[in-house]
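Visitor: Following is a predicted model, sequence given first.
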Amino acid sequence: MVWPAYNEAENLESLIARTELVLDRLGQLGHEREYIIVDDGSTDGTPQLLARLCATLPITVITHKPNQGLGPTIRDGLRVASERADDDDLLVAMDADNTHPPGLMIAMVQKALAGNDVVIASRYRPGARVVGLQWHRKLLSLGARAAFQLTFPIPGVRDYTCGYRCYRAGIVRLAFKRYGAAFVEHSGFQCMADILVRLARLGAIVDEVPLVLRYDRKRGESKMRVARTVLQTLRLLVVRRLRP
């Protein structure tokens, strides 16, 4: 498990409890687990909560000071997780704000075991739903989807920006070998699309499962700034066309 976390003290404990139930089920099938949680300069009670949880759970905490943004945070989590894993091990990345349903991991793992390198929890597959998200965030997501499908079409992909994904460790390790720290070089939310584009260029096979996104479960303020994210996404589209 790879979780970027920034001021998630209100959400983490509940999310871990729900995730443990799912991982216990997967553990019965022979899957071991480890949490890699990157605390991106939290100023609430997140560090203290993680210190307490480390006493009873297999959690490794990576701490950023000060806050560096989602890009460096997911990069460091994926790097550490891939270094510890075998090529066919699976790395599940998800948001730490309680909006991603842990139970979906079972379907994602099955898709990965069927031969996919990346499995995305998608908001744009039959059966998907988005609950409690503001209209302008939905509009941003739809716009990003259209822009990336037009500019960087990837077979099997409709959702380029969702952070809930299952990666085969070998393809992530290959990306770090090819790009180094520049594998994830954007700090904002557009980094998720950039990761996907670069993995696809390395030959990753990608599939999706429908996601029920529950923003009504999230406590605390959103970290996304819509206007900034739009500008960053447009810049990424230009940069990746000019410099793969």
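Guide: Happy to help now that I have it.
Visitor: Secondary structure element for residue 166, which one?
Guide: Here residue 166 is covered by strand 165-168, with elements defined by DSSP states H and E.
Visitor: Partner strands of that strand and their direction?
Guide: According to DSSP bridges, strand 165-168 forms sheet pairs with strand 90-93 (antiparallel), strand 118-122 (antiparallel).
Visitor: Make CSV from these and add mean pLDDT to it.
Guide: CSV is the format used below for the strands paired with strand 165-168 (pLDDT from 0 to 100):
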stretch, mean pLDDT
strand 90-93, 96
strand 118-122, 97
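Visitor: wait, which of those is closest to residue 19?
Guide: Ranking those by proximity to residue 19 (CB to CB) places strand 90-93 first, at 9.2 Å. C-beta: built from backbone N, CA, C; applies to glycine.
Visitor: Next secondary structure element downstream of the closest one?
Guide: Proceeding N to C from strand 90-93, the next assigned helix or strand is helix 105-113, under DSSP H and E.
Visitor: just the helices in this protein please.
Guide: Counting by DSSP state H, the segments of the chain that form helices are 12-27, 46-53, 70-84, 105-113, 135-151, 169-179, 191-201, 226-242.
Visitor: okay, these in CSV with mean pLDDT, distance to residue 160 and mean neighbour count next?
Guide: Compiled in CSV, the helices of the chain are given as follows (pLDDT from 0 to 100; distance: least, CB to CB, whole Å; neighbours: other CB atoms under 10 Å):
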stretch, mean pLDDT, distance to residue 160, mean neighbour count
helix 12-27, 90, 24, 16
helix 46-53, 96, 28, 17
helix 70-84, 95, 15, 21
helix 105-113, 95, 17, 18
helix 135-151, 72, 4, 15
helix 169-179, 97, 16, 18
helix 191-201, 90, 4, 22
helix 226-242, 58, 10, 15
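Visitor: any chance of these in TSV, with distance to residue 125 too?
Guide: Shown next, in TSV, are those (distance: least, CB to CB, whole Å):
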stretch	distance to residue 125
helix 12-27	20
helix 46-53	32
helix 70-84	23
helix 105-113	11
helix 135-151	12
helix 169-179	22
helix 191-201	16
helix 226-242	21
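Visitor: Out of the ones you listed, the one nearest residue 124 is which?
Guide: Nearest to residue 124 among the helices of the chain is helix 135-151 (6.4 Å), distances taken as CB to CB.
Visitor: orientation of that closest one relative to helix 191-201 in degrees?
Guide: Between helix 135-151 and helix 191-201, the angle comes out at 20 degrees (axes from the mean of the first three to the mean of the last three CA atoms, to 10 degrees).
Visitor: okay, the strands paired with strand 165-168, which one's buried deepest?
Guide: Between the strands paired with strand 165-168, the one whose residues have the most neighbours on average, counting mean count of other CB atoms under 10 Å, is strand 118-122 (a mean of 27).
Visitor: That strand vs helix 169-179, what angle?
Guide: Angle of strand 118-122 versus helix 169-179, following the same axes, to 10 degrees, is 100 degrees.
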